[in-house]
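Participant: Give the three-dimensional model of this entry:
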Amino acid sequence: MEHLTLLVVQPVARHDGGESYPIAIGRDSYIFNAKQQRRARLMWVLFVLAFVASMLLAGRMARNRHRSTKAWVWIAAFVGPLGPLALYVLGNRPIGASHA
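Facilitator: Got it, this is the predicted structure:
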C-alpha cells in the first residue's frame, strides 16, 4: 500500500529579510533553491569537462606512446581521469608488440 505524502511549501528567508519560494521541489521532500541549483549545475559541468579533458589527454598520450589512440580514448570515456593515469603507469609500448 502506498502512502500519501502531503508536501507543504513554505517561504524561505532571504538574506535581505524578505521571503522567496523555492524554485524546485526534489524527491523525498528535499527543497532546492536557486543557489543550490546553480552549484549542482556547475558541478555537473566540471564533471563533464574532467571526462572530456581526460579523453583528450589519453588520446594524445596514447599517440605519443605508440598505443591505440581509439582504445585509450574509449577507456578514458568510461573511467575518466584514471585512463591517462593508467596510460602513464604503463609507459611506452614495448618494441615488437602489435599495434591495434
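
Participant: make it CA atoms for all contacts and neighbour counts henceforth
Facilitator: Noted.

Participant: Show me the strands in the chain, by range?
Facilitator: Under the criterion DSSP state E, the chain carries strands at the ranges 12-13, 19-20, 24-25, 31-32.

Participant: Now tell me which of the ones you listed the model trusts least on average.
Facilitator: Of all the strands of the chain, strand 24-25 carries the lowest average pLDDT, namely a mean of 54.

Participant: Quick one: the helices in this protein, in order.
Facilitator: With DSSP state H, the ranges of helices along the chain come out as 34-64, 69-79, 82-90.

Participant: and among those, the most buried is which?
Facilitator: helix 69-79 (a mean of 18; mean count of other CA atoms under 10 Å).

Participant: what mean pLDDT does that helix have?
Facilitator: On average, helix 69-79 scores 94.

Participant: Measure how it sits relative to helix 82-90, angle-wise.
Facilitator: Angle between the axes of helix 69-79 and helix 82-90 is 130 degrees (criterion: axes from the mean of the first three to the mean of the last three CA atoms, to 10 degrees).

Participant: Helix 69-79 - contacts with which helices or strands?
Facilitator: Here helix 69-79 touches helix 34-64, helix 82-90, going by 3 or more CA pairs under 8 Å, 6 or more residues apart in numbering; DSSP states H and E.

Participant: which residues sit against it?
Facilitator: 51-52, 54-56, 58-60, 62-63, 82-84 (CA atoms under 8 Å, 6 or more residues apart in numbering).

Participant: Present those as JSON lines; the columns should include pLDDT.
Facilitator: Formatted as JSON lines, these follow (pLDDT from 0 to 100):
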{"residue": "F51", "pLDDT": "93"}
{"residue": "V52", "pLDDT": "95"}
{"residue": "S54", "pLDDT": "95"}
{"residue": "M55", "pLDDT": "95"}
{"residue": "L56", "pLDDT": "95"}
{"residue": "A58", "pLDDT": "95"}
{"residue": "G59", "pLDDT": "95"}
{"residue": "R60", "pLDDT": "95"}
{"residue": "A62", "pLDDT": "94"}
{"residue": "R63", "pLDDT": "93"}
{"residue": "L82", "pLDDT": "93"}
{"residue": "G83", "pLDDT": "93"}
{"residue": "P84", "pLDDT": "93"}
